[in-house]
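In: Structure here, sequence nowhere to be found:
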């Protein structure tokens, strides 16, 4: 019996990489639209095709979608976060859930450091000024990065890479992560409030979970140094957008670097209008090399499981 793999959506021009891996293994790939469809439409796709495996990028794979196919063996995330997959429902049904946790460590950490450099050296601000016809070097109020402290919230693979790069620029690095171990001796492990109070730059690398939803909220921002920079390259829901806008307006935050937002792609007009806001459209993970690696490795996990092997990057322990 030929096995079917459903690709729910994809954030790139085509499905060639996924199709090559899946079809070379002798399976059929069925692709949904590139843009993620609403959950009800993903449910309908799953019910129609009864897939043996699901590959998903941004689309929500609900409990209904997971229950739609009695032969489903794996839901593989084309990415890192699992907040768009009903992991518990998959686990209860004996279905593997996988991701590719380390494909974009270099890219995301580079993006975070890029935001920090752009803020410290006024790159975005002065580019806008010059394009608007203003040439005013005397207005510069720039910063020496080696004089600053950088606090990293979430000290996993990417957080550690960011920390090393900020240290190479001369920054003192603090880290907050209740689950971290083997912290390098030259990184100061701090509680959350201490990190906020001591950091000129706060970089968020935390996953989105119930415990981290709105971790950066009004109360957290109120504890930050006046004139500091907040960077979020993790998940939009970890940072409360309204609190960020208030922090910018009050001057607690002199700048923000946001690659993710709570309600993307909608960007609040207050952020667009604020001169201290640097915003990119959820691309921190992206490079030609990282995307090819991501797509190939996610599809290979599907092939591995459908061929009766265990996945290399399981994120759950199926119960049957």
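Out: Right, received. Where do you want to start? All figures in this text were calculated on a predicted structure; none of them were measured in a lab.

In: Can you report how many residues lie near residue 159?
Out: 27 (other CB atoms under 10 Å). Yep, even glycine has a C-beta here, placed from its N, CA and C like the rest.

In: does it sit in a helix, a strand or a coil?
Out: helix (DSSP: H, G, I helix; E, B strand; the rest coil).

In: and if you look at residue 290?
Out: helix.

In: Repeat that for residue 150.
Out: strand.

In: got it, and residue 82?
Out: coil.

In: can you pull the contacts of the spatially most central residue of the chain?
Out: The chain has residue 234 as the residue nearest its centroid, 3.7 Å off, counting by CA atoms, centre = their mean. By CB atoms under 8 Å, 6 or more residues apart in numbering, residue 234 lies in contact with 154, 204-208, 260.

In: run the last query once more with 7 Å
Out: 154, 204-207, 260 (CB atoms under 7 Å, 6 or more residues apart in numbering).

In: Strands of the stretch 51-200 of the chain, residue ranges please.
Out: In the stretch 51-200 of the chain, the strands defined using DSSP state E, counting those that start in this stretch lie at 53-56, 74-77, 96-98, 149-153, 172-176, 188-189.

In: Check for me that residue 248 belongs to a helix.
Out: Yes: under three-state DSSP, residue 248 sits within a helix.

In: Now it: closest residue in space that isn't a chain neighbour?
Out: residue 274 (5.1 Å; CB to CB, 6 or more residues apart in numbering).

In: Give me the local confidence score for the one you found.
Out: In this model, residue 274 is scored at 97, pLDDT.

In: do residue 302 as well
Out: 98.

In: That one against residue 74, yeah?
Out: Yes: applying CB atoms under 7 Å as the test, residue 302 and residue 74 come out as touching, 5.8 Å apart.

In: about what we covered before: among the strands of the stretch 51-200 of the chain, which comes closest to residue 248?
Out: Residue 248 sits nearest to strand 149-153 of all the strands of the stretch 51-200 of the chain, at 18.4 Å, using CB to CB.

In: Compute the inter-axis angle for the closest one and strand 172-176.
Out: Relative orientation of strand 149-153 versus strand 172-176 (axes from the mean of the first three to the mean of the last three CA atoms, to 10 degrees): 20 degrees.
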